[in-house]
Structures are given as structure tokens and as C-alpha cells.
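In: sharing a sequence plus its predicted fold:
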Amino acid sequence: MHPNNTKSKPNIECCRRLNCWLPVLALGVLAGGCTQGGIISKIVFESNRTGTYDIYIMNADGSNVLRLTTHSGDDYSPSLSPDRTKIAFVSERDGNEEIYVMNVDGTNQTRLTNSLGPDFDPAWSPDGTKIAFASERDGNYEVYVMNADGTNQTNLTVGPFGDFAPSWSPDGTKIAFTSSRDGNLEVYVMNADGTNQTKITIHAAGNSNPAWSPDGSRIAIQTSRDGNSEIYLVNPDGTNLVRLTNDAANDRDPAWSPDGLQLAFSSNRTSNFEIFVMSANGANQQNVSNSAGGDFNPSWR
């Protein structure tokens with residue numbers, strides 16, 4: 001199973017990804033349902049509100065929720081293409097986790113991977129030509145990259161460790177990822193071809209789920225160093241660690257707004273996991289999903 005699967009996961013805690021359709025403005029505007037160029041800002045996310053995991057789209061204020069997948073097998077970890085026309089996602093409809101792609105309205109669902117091991121954590125490159133993902137096809141979790149049509153699937157990390165949760169730098173030259181090679185989870189950064197793998201976090205409690213800021217200056221992570229999962233920021237070289245959330249619940253799945261002014265995240269500080277949005281300095285934390293089910297993995301492109 002996927003290491004971030006909340007239904008059945010091993011001792012690797014990271015997160016799956018969502019992507020928002022269009023940029024949002026300031027948080028005060030978001031609460032009222034902002035528009036960008038006359039188009040309402042959208043968030044794509046995963047939810048188990050119907051009993052299975054499916055992919056949904058909603059207005060940024062939480063209104064007009066539409067279900068995009070309806071298969072009996074779980075669908076999750078959506079990643080919106082940079083041109084906002086397609087969504088890569090993970091599906092278990094084939095008996096194990098595979099990467100699919102579909103149009104943003106849910107049509108034309110097409111399988112990209114076909115391996116005996118689970119494939120998960122899809123992440124589009126900034127130019128939309130490639131998708132990074134994680135796979136267990138070689139006996140352990142590794143970070144792979146493939147063309148956007150599923151061809152040329154290549155292992156980038158190549159080692160006896162658990163490597164997953166890739167996140168591209170905005171210029172497409174580097175990929176941040178989570179690794180278990182140190183006996184706990186830490187965040188690494190490597191060149192987009194897999195070379196120069198460098199650890200940027202160090203803590204026995206573990207650090208995971210990197211999300212690169214749109215300007216390339218910061219990486220959001222989740223860490224359990226405080227006894228529960230919280231959201232922090234760190235520079236790409238590992239310096240200047242700053243805590244953003246401080247709650248007794250678990251805050252996870254950090255994801256940047258396209259303008260870099262906000263972060264979305266998942267939290268179970270209510271009765272179940274919901275999608276929250278906050279300013280990039282941690283202020284103005286607001287619940288925007290408000291459903292009876294679990295809502296996970298917001299992200300914006």
C-alpha cells in the first residue's frame with residue numbers, strides 16, 4: 001500500500017497531494033469565494049466522504065463541491081497539470097496503486113503506469129512535460145520520473161531505502177523528496193536527474209512531505225518534532241527552520257498557493273481531517289472544507 005495511505009500504512013508517514021485549479025487572492029477574499037480574471041478559484045482534493053476515496057473539485061470557499069471520480073476502487077492523490085487541463089491521480093481500481101490522468105472535468109481517465117508494485121505520489125514538472133512519482137516496483141520505495149504520457153519511466157533515487165513524495169522546484173531543476181535512509185524520515189533535495197542527493201533536515205522525530213514555494217526560496221514540510229505533526233518552513237539548503245502551526249491536533253499535507261502568499265494543509269483539529277488555509281507566516285488559519293468525511297491533501301498550481 002501507499003506509504004501515505006491513511007487506511008493502511010506502514011511506519012512511513014508522509015502525505016499525498018492535491019492541487020488547486022487557479023490562484024487565490026488574500027485569505028480575506030478567499031473566504032468570500034475569490035475570482036481570478038473572472039474565473040472562480042478552484043481546489044482539487046481527495047475525500048472519503050462517501051465511504052471510498054474519490055477526487056473532488058470545489059470553489060476556494062468550499063462551495064459547489066463536485067465529485068470527479070466514482071469508481072469503487074479508491075482514487076486519491078490528485079495533481080493538477082500546470083496548464084490546468086489535466087489531473088494526475090492514484091487509483092486502486094486495478095488491484096494495486098497505479099497512476100492515472102484525466103481531464104479536469106473527470107473525463108478521459110487514462111492509466112499511465114502498469115507495474116506489480118504500487119505507484120503513487122504523482123507530481124507534475126513545472127513545464128507539464130513530466131510527472132515525478134514514487135514506486136515500490138523494485139522492492140522498496142523509489143522516486144521515478146516519466147513523460148506526461150507515461151513513457152520513459154526512470155528510477156531517480158536507486159537505493160535500498162524508502163524514497164517518495166517528490167516535489168519539483170519551480171524552475172524544474174531540482175526535486176525535493178522524503179527518504180527513510182537515515183532510519184527515520186528526512187527531507188532531501190536532488191537534481192532533477194537524480195544526482196547530488198542532499199539531506200536538508202535532521203531530527204529524530206522525522207521530517208517529510210516537502211512542498212516547494214513558487215519563488216523557490218522556501219520548502220514547507222511536516223514534522224513530528226513537537227510530539228505531533230506540525231507545518232514548518234525551511235530554506236532549500238536546510239537553514240532557517242520556522243514553525244507555522246501550533247495545535248494539539250495533527251497538521252500535515254502543506255501546499256503553497258501559486259502566489260506564495262498562503263499555504264493550505266490538512267488538519268484533524270476538528271472532528272475529522274479538513275482542509276485549512278493560512279497565510280504564509282502561519283496567521284489566519286481557517287477551515288475551508290467543512291465536511292463530515294475526511295478531506296486531505298490540498299495544493300495549488
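Out: Perfect, thanks for sending it.

In: pull out the buried residues from the helix or strand residue 178 falls within.
Out: Using DSSP states H and E, residue 178 sits in strand 174-179. Residues of strand 174-179 classed as buried: 174-179 (neighbour count, 16 or more other C-beta atoms under 10 Å). No exception for glycine: its C-beta is placed from N, CA and C like everyone else's.

In: what is the rounded mean pLDDT of that strand?
Out: Mean pLDDT, computed over strand 174-179, is 98.

In: do stretch 110-127 as well
Out: Per-residue scores along stretch 110-127 average to 96.

In: could the buried residues of strand 174-179 go into TSV alongside distance to residue 88?
Out: Shown next, in TSV, are the buried residues of strand 174-179 (distance: C-beta to C-beta, whole Å):
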residue	distance to residue 88
174	20
175	15
176	18
177	17
178	19
179	22
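
In: nearest to residue 49 among these?
Out: residue 178 (27.2 Å; C-beta to C-beta).

In: list the contacts of residue 144.
Out: Counting by C-beta atoms under 8 Å, 6 or more residues apart in numbering, residue 144 makes contact with 119, 132-135, 153-156.

In: in strands, which of the residues you listed fall?
Out: The members of the contacts of residue 144 that map onto strands under DSSP state E are 119, 132-135, 154-155.

In: what's the average pLDDT for stretch 277-290?
Out: Rounded mean pLDDT across stretch 277-290 is 94.

In: okay, buried residues for it please.
Out: Buried, per 16+ other C-beta under 10 Å, within stretch 277-290: 277-280, 282, 285, 288-289.

In: circling back: and the buried ones among the contacts of residue 144, selectable in ChimeraX?
Out: Buried residues among those (16+ other C-beta under 10 Å), as a ChimeraX selection:
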select :119,132,133,134,135,153,156
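
In: mind putting the contacts of residue 144 into JSON lines with distance to residue 47?
Out: Below are the contacts of residue 144 laid out as JSON lines (distance: C-beta to C-beta, whole Å):
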{"residue": "119", "distance to residue 47": "21"}
{"residue": "132", "distance to residue 47": "24"}
{"residue": "133", "distance to residue 47": "21"}
{"residue": "134", "distance to residue 47": "22"}
{"residue": "135", "distance to residue 47": "25"}
{"residue": "153", "distance to residue 47": "29"}
{"residue": "154", "distance to residue 47": "32"}
{"residue": "155", "distance to residue 47": "32"}
{"residue": "156", "distance to residue 47": "31"}
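
In: going by distance to residue 69, which of the ones in strands among the contacts of residue 144 wins?
Out: Among those, and counting by C-beta to C-beta, the member closest to residue 69 is residue 119, at 16.7 Å.

In: hang on, the earlier thing: among the buried residues of stretch 277-290, which lie within strands?
Out: Filtering these for strands - DSSP E - leaves 277-279.

In: would you turn those into a markdown table with distance to residue 232?
Out: Converted to a markdown table, those look like this (distance: C-beta to C-beta, whole Å):
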| residue | distance to residue 232 |
| --- | --- |
| 277 | 17 |
| 278 | 13 |
| 279 | 15 |
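
In: now, which of those sits nearest residue 219?
Out: residue 278 (16.4 Å).

In: would you agree that closest one is in contact with residue 298?
Out: No - contact between residue 278 and residue 298 fails when scored by C-beta atoms under 8 Å: they sit 11.2 Å apart.

In: need the residues touching each of those two.
Out: Joint contacts of residue 278 and residue 298 (C-beta under 8 Å, 6+ apart) are 264-265.

In: what segments of this protein are helices?
Out: 27-30 (DSSP state H).

In: strands along the stretch 151-300 of the chain, start to end?
Out: 154-155, 163-168, 174-179, 186-191, 198-199, 207-212, 219-223, 230-234, 242-243, 251-256, 262-267, 274-279, 286-287, 295-296 (DSSP state E, counting those that start in this stretch).

In: now those as a markdown table including distance to residue 58?
Out: Below are the strands of the stretch 151-300 of the chain laid out as a markdown table (distance: least, C-beta to C-beta, whole Å):
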| stretch | distance to residue 58 |
| --- | --- |
| strand 154-155 | 35 |
| strand 163-168 | 23 |
| strand 174-179 | 27 |
| strand 186-191 | 29 |
| strand 198-199 | 37 |
| strand 207-212 | 20 |
| strand 219-223 | 22 |
| strand 230-234 | 22 |
| strand 242-243 | 29 |
| strand 251-256 | 15 |
| strand 262-267 | 12 |
| strand 274-279 | 9 |
| strand 286-287 | 13 |
| strand 295-296 | 9 |
